[in-house]
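**Q** below is the structure, and that's it, no one-letter string:
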């Protein structure tokens, strides 16, 4: 299978030798900004769109020439979702020219951010060969772009994902800072968590509505290449745009230390690469050197383990009924109770929340569910591959289980752990 897909990679690159970042456009509306990009390769023309609803937070004095600079960079990260279908060896960027240093920065982000895509599609390539850039000779250089420098602000932007992590960040910062909650593509859990935090109206939330061009879905259904892209890197560039529109200095993410662990043991394949400390430092470097140090992007939870975050979150019981960390059930705003992410959340919270309440939160007792054995074995490290999800480290999962061996010893998955580790 991998050999078949690898040959597809080779054929697609011959058929679609150049991927174009044609243009970006935006339009000021009464209470939002509409953004549209155009990417294309041969007959495939993509026109993804975004709506930026800044609510009550828009600062005066926003300049279009500065806005151009931010939106161009968002196009550079958005394009990777469309490039991956054909994996063209050359990306021609029309709106601006990048220096060699910038080109190398983007290539590293694309390459490491697509490590799961390469792995799952059986693609063997390297940083030098997978992609290169070209530019219009009369396009402006990004060194000429204009970015403001915000020295400080009383507010802090906190992206709300609907799970436990962003709740902890929000609650820990709100006593000392004015919070600007940011949500991409609002859904039940994200809006409910914002509401519980006191942000009752949509005007109190900075909202980005991001739409995938339907053509990409059609292309995927026809068997073109598909796979995971670095969503958190895309979020990073949108948060910097939000920082500009609100004249805010600080952007507090909720990425924990466990995001640094590889998904595939012994490799650099990491589902969470753009949540890792490596990406965080790279992005800080990029903003400092190529965007006039216009904002300060960091993770408030970087020094904490998943266990520590779970212990913090257990104290905020007002959120327990509304938070969700399940991708499979996100559209219906439910815990699907059949995926690795649900099981991980259940395990990591169980040492700090009593058994009956855990069952009420999830609707099922996941520690007593034999159908989850495969995910359980992956999470505890009995298999070489962790689930391709945002889950904690193998060590953290084992620590959580060991903390509840006595209180949950009658559960089927805990019994499996006891037996396999000869703990009887």
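**A** Arrived safely. Just so it is clear, the model here is predicted, and its values are computed rather than measured. Numbers count the residues shown, from 1 in each chain.
**Q** C-alpha from now on. contacts and neighbour counts both.
**A** OK.
**Q** phi, psi for residue 331 please.
**A** Dihedral angles of residue 331 (phi, psi; degrees, to the nearest 10) stand at phi -70, psi -30.
**Q** ok, for it, nearest residue in space, not its chain neighbours?
**A** By the measure of CA to CA, 6 or more residues apart in numbering, the closest residue to residue 331 outside its immediate chain neighbours is residue 187, 7.1 Å from it.
**Q** show me what contacts that neighbour?
**A** If a contact means CA atoms under 8 Å, 6 or more residues apart in numbering, then residue 187 has 330, 331, 333 as its contacts.
**Q** ok, those vs residue 343, which is closest?
**A** Closest approach between the contacts of residue 187 and residue 343, by CA to CA: residue 330, at 15.2 Å.
**Q** for the helix or strand of the chain with the lowest mean pLDDT, list every residue counted as buried.
**A** Across the helices and strands of the chain, mean confidence by mean pLDDT, DSSP states H and E is lowest for helix 2-15: a mean of 82. For helix 2-15, the buried set under the neighbour-count rule, 16 or more other CA atoms under 10 Å, comprises 5, 6, 8, 9, 12, 13.
**Q** also stretch 378-389?
**A** With burial defined by 16+ other CA under 10 Å, the residues of stretch 378-389 counted as buried are 378, 379, 380, 381, 386, 387, 388, 389.
**Q** how much space separates the third one from residue 343?
**A** With distances defined as CA to CA, to the nearest Å, the gap from residue 380 to residue 343 amounts to 11 Å.
**Q** go on, the fifth one?
**A** With the distance defined as CA to CA, residue 386 ends up 13 Å from residue 343.
**Q** remind me, longest helix of the chain?
**A** Assignment by DSSP state H gives helix 64-83 as the longest helix of the chain.
**Q** whichever helix or strand comes after that helix pairs with which strands?
**A** The C-terminal neighbour of helix 64-83 among helices and strands, as given by DSSP states H and E, is strand 90-93. Sheet pairing for strand 90-93, assigned by DSSP bridges, gives strand 18-28 (parallel), strand 132-135 (parallel).
**Q** of these, which is nearest residue 242?
**A** When those are ranked by proximity to residue 242, the top entry is strand 18-28, at 14.9 Å, counting by CA to CA.
**Q** now stretch 263-272: mean pLDDT?
**A** For stretch 263-272, mean pLDDT rounds to 80.
**Q** same check, this time on stretch 49-62
**A** According to the model, stretch 49-62 has a mean pLDDT of 94.
**Q** pull the distance from that stretch to the chain's centre.
**A** 22 Å (CA atoms, centre = their mean, to the nearest Å).
**Q** give the buried residues for that stretch.
**A** By neighbour count, with 16+ other CA under 10 Å as the criterion, the buried positions of stretch 49-62 are 49, 50, 51, 52, 53, 54, 57, 58.
**Q** this completes my enquiry, with thanks.
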